[in-house]
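Chemist: predicted model and sequence follow; I will ask about them next.
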Amino acid sequence: MKQLLILSGKGGTGKTTIASAFIRFSDPEAFADCDVDAPNLHLVTQQGSVSNKKNYYGLPRAKIDVTKCIKCDICRQNCRFDAILLDGTYKVDTFACEGCGVCEVLCPANAITSKPAVDGELLLYEKDKNIFSTAQLKMGSGTSGLLVTEVKKQMKEAKPDAGFAIIDGSPGIGCPVIASLSGVDMVLIVAEPSLSGISDMKRIMETAQKFGIKTAVCVNKFDINIENTEKIEEFCIKEKVAFVGMIPFDKNALKAVNKGMTIADVDCAAGKAAKEVFEETAKRLFEKGDETQW
Amino acid sequence: MIMEKNNMKIAVLSGKGGTGKTLVSVNLAAASEKAIYIDCDVEEPNGHLFFKPDDKKEKEVSVIIPEVNKDLCNGCRKCVDFCRFNALAYIKNRLFVFDEICHSCGGCVMLCPQNALTERKKSIGKIIEGVSEQVYLYTGMLDTGEASGVPIIKELFQKTKDISDKDIFIDCPPGSACVVMESIKDADYCILVAEPTIFGVHNLNLVYELVTLFKKPFGVILNKYMEEKDPSEEFCIENKIKILGKIKFDKVLGKLNSEAQIAVRTNEKYKVIFTSLLETVKKEVRNETASDS
């Protein structure tokens, strides 16, 4: 399975807009949304009906049985996450608890146990021969990286023979992004021509390269600041990263999205440009031979 | 007992990325007489690009992770069995620690019967302090390749917890996961920045749930506002959410922002807009504190 992951570093540069257009252009047998704490891809891909819905359990949280608690304070003193609260009785702050189990193992009264907690929902959609794997992290849960791994696992298990998969990623460079990077064949970075966008692009590029994944860059809303777009292109040339095209700012893109459609579904400048970016990207993804040419 | 507080701590968040969190927090701080700006988007901090602070001070942030003394380790695997994050593995008669997965809970070190595990510091990023006119900046920056910025955010708040004479503006990361929770935990008030797309509304709904869960008073700023039909505005009206202000879609502002210029400092029109927005926010915060007591 060739997997294309779409990332951006900075949020709101157009990952989902571009991922959804790519899905229209290529009709991949499998696709996924790894932005588990703010998923949006399902809003525009008209992916058919839910064929599987299951609870996602992250790490269990500690629970103190106050009838057994001898108030020795050992749990509170040893919790590195400040998750044990003392307010008359000892309590666990379930938002702060990371489920490490230190308190449980140290408690001399055996008053602490770990309780599994539902941290979100995994969803699998099916339409014709295609599957779409996505999830929603429960508000207040911390284990987004683990859920990203589950989303990708669900996608692979549902369609083990798929030749091509498109994965929409999350903003940032931390745990969910790192989890989404594992096992993909290529990352397309959607950059934005602002100084913030450039700074963020460099950091996500560095992150992808640390994990040894080949990378390409496209610029969205390139005409908002042409000089900055040129700076991005120059940077890519210097760093020998493939620059696969530019997409203009287009009000029709916003209109399409607000109707639950992709920019590939309407006749617009952004959609046409995205098609070219897709072709350039696909060419590089399926390219055989010397990978160092990148 | 209610503590006397002269300042307010405001967190700016959005769920979706790119809706204008940095635009709002930077400009509100710049419109204040005396302000602290804290960049909690430690994965992709951008506020410093706007403020271009002087007198920079850097401080490394580190976490504590275990280190193996292989002469003392007898392969009992107590640590491996204990670690719920699978950050330790005993392979081919050797104990391995996977630094980047470790959550620094310290459990393995406490449990090792041979005292073969000790702790060492590992740098994960830094905090940069600086000054830009009347704004004092704290920027958290996570090293690339590191998974969690939470320890940096904790350190940012540790450093700023005793400040009581300046208003504090917290620029949050996107999303609604652990880093966002950590960023809003101590805030007096939350500003949710929304954009006029169905993506924006969907994610606004998520942070709306989050601030409700944390029982934080909040209001919404509609950014890139368009007269036609703003789905985020409809959402606010439906859910009776306070709209603090509307920032109209404007190419001039877009250009200033793309060049990392602070609109309040370079454009008279936006100075007026953000100063009045700041007044609205202050009034809201006062009302909320009054109704609390």
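Modeler: Cool, got the structure.

Chemist: around chain A, pick out the residues from the stretch 1-150 of chain B.
Modeler: Residues of the stretch 1-150 of chain B lying near chain A by C-beta under 8 Å from any C-beta of the partner chain: B:15-19, B:22, B:41, B:43-44, B:46, B:49, B:82, B:84-85, B:100, B:103-107, B:110-111, B:142, B:144-149. Placement of C-beta: from N, CA and C, glycine included.

Chemist: quick one: pLDDT of residue 129?
Modeler: All of this is about chain A. You'll see A:Lys129 listed with a pLDDT of 87.

Chemist: to clarify, I was referring to chain B.
Modeler: pLDDT, read off for B:Glu129, is 97.

Chemist: quick one: neighbours of it, just the number.
Modeler: B:Glu129 sits with 16 neighbouring residues when counted by other C-beta atoms under 10 Å in any protein chain shown.

Chemist: pretty sure it sits against B:Lys56.
Modeler: Yes. The pair B:Glu129 and B:Lys56 passes the contact test of C-beta atoms under 8 Å, sitting 6.9 Å apart.

Chemist: show me the contacts for the residue in chain A that chain B sits nearest to.
Modeler: Chain B sits closest to A:Gly11 of chain A, with a gap of 0.9 Å, by C-beta to the nearest C-beta. With contacts defined as C-beta atoms under 8 Å, 6 or more residues apart in numbering or on different chains, the neighbours of A:Gly11 are A:171-172, B:16-19, B:44, B:174.

Chemist: from B:Thr160, how far off is it?
Modeler: The gap separating A:Gly11 from B:Thr160 is 24 Å, by C-beta to C-beta, to the nearest Å.

Chemist: hang on, the earlier thing: using PyMOL, define a selection of the buried residues within the residues of the stretch 1-150 of chain B next to chain A.
Modeler: Per 16 or more other C-beta atoms under 10 Å in any protein chain shown, the buried members of the residues of the stretch 1-150 of chain B next to chain A correspond to this PyMOL selection:
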select buried, chain B and resi 15+16+17+18+19+22+41+43+44+46+49+82+84+85+103+104+105+106+107+111+142+144+146+147+148+149
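
Chemist: how about the residues of the stretch 151-293 of chain B by chain A?
Modeler: Near chain A, when you scan the stretch 151-293 of chain B using C-beta under 8 Å from any C-beta, you find B:173-181, B:195-199, B:202-203, B:206, B:209-210, B:213, B:231, B:254-255, B:257-260.

Chemist: quick one, which of these are buried?
Modeler: The buried subset of those (16+ other C-beta under 10 Å) comprises B:173-181, B:195-199, B:202-203, B:206, B:210, B:231, B:254, B:257-260.

Chemist: tell me which stretches of the stretch 51-200 of chain B form helices.
Modeler: B:78-82, B:107-111, B:150-160, B:178-184, B:198-213 (DSSP state H, counting those that start in this stretch).

Chemist: packing partners for the last one?
Modeler: Helices and strands touching helix B:198-213, as assessed by 3 or more C-beta pairs under 8 Å, 6 or more residues apart in numbering or on different chains; DSSP states H and E, comprise helix A:251-258, strand B:9-13, helix B:178-184, strand B:189-194, strand B:218-225, helix B:231-238.

Chemist: try the second one
Modeler: Judged by 3+ C-beta pairs under 8 Å, 6+ apart, the packing partners of helix B:107-111 are helix A:102-106, helix B:78-82, strand B:117-132.

Chemist: which of these is buried the deepest?
Modeler: Highest mean neighbour count of the helices and strands packed on helix B:107-111: helix A:102-106, a mean of 21 (counted as mean count of other C-beta atoms under 10 Å in any protein chain shown).

Chemist: beyond that helix, next helix or strand please.
Modeler: Next helix or strand after helix A:102-106 toward the C-terminus (DSSP states H and E): strand A:112-115.

Chemist: touching that following strand from outside, list them.
Modeler: By C-beta under 8 Å, 6+ apart, strand A:112-115 touches A:60-65, A:75, A:99, A:101, A:103-104.

Chemist: mind listing the strands the next helix or strand along the chain from that strand pairs with, and their directions?
Modeler: Stepping forward along the backbone from strand A:112-115, the first helix or strand reached (DSSP H and E) is strand A:118-127. Here strand A:118-127 has these sheet partners by DSSP bridges: strand A:49-57 (antiparallel), strand A:130-137 (antiparallel).

Chemist: looking at those, spot the one closest to A:Pro28.
Modeler: Shortest distance between A:Pro28 and these, using C-beta to C-beta, is found for strand A:130-137: 7.0 Å.

Chemist: so how far is the closest one from its chain's centroid?
Modeler: 11 Å (C-alpha atoms, centre = their mean, to the nearest Å).

Chemist: kindly indicate which of the contacts of A:Gly11 lies nearest B:Ile237.
Modeler: Nearest to B:Ile237 among these, with distances taken as C-beta to C-beta, is B:Thr19, at 18.4 Å.

Chemist: ok but that closest one is inside a helix, no?
Modeler: No. Assigned with DSSP: H, G, I helix; E, B strand; the rest coil, B:Thr19 falls outside any helix and is coil.

Chemist: how close does it get to B:His48?
Modeler: For B:Thr19, the distance to B:His48 - C-beta to C-beta - is 20 Å.

Chemist: for B:Ser62, same thing?
Modeler: Distance from B:Ser62 to B:His48, by C-beta to C-beta: 21 Å.

Chemist: neighbour count winner among those two?
Modeler: The neighbour comparison of B:Ser62 against B:His48 (other C-beta under 10 Å) goes to B:His48, with 21 against 16.

Chemist: ok, back up a step: next, format the helices of the stretch 51-200 of chain B as JSON lines and append mean pLDDT.
Modeler: Converted to JSON lines, the helices of the stretch 51-200 of chain B look like this (pLDDT from 0 to 100):
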{"stretch": "helix B:78-82", "mean pLDDT": "96"}
{"stretch": "helix B:107-111", "mean pLDDT": "97"}
{"stretch": "helix B:150-160", "mean pLDDT": "94"}
{"stretch": "helix B:178-184", "mean pLDDT": "89"}
{"stretch": "helix B:198-213", "mean pLDDT": "93"}
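
Chemist: between those, which gets nearest to A:Pro108?
Modeler: helix B:107-111 (13.5 Å).

Chemist: in contact with the nearest residue to A:Cys103 once chain neighbours are set aside, which residues?
Modeler: Residue nearest to A:Cys103 in three dimensions, not counting chain neighbours: A:Cys75, with 3.8 Å by C-beta to C-beta, 6 or more residues apart in numbering or on different chains. A:Cys75 sits next to A:62, A:64, A:84, A:90, A:102-103, A:106-107, A:112 when contact means C-beta under 8 Å, 6+ apart.
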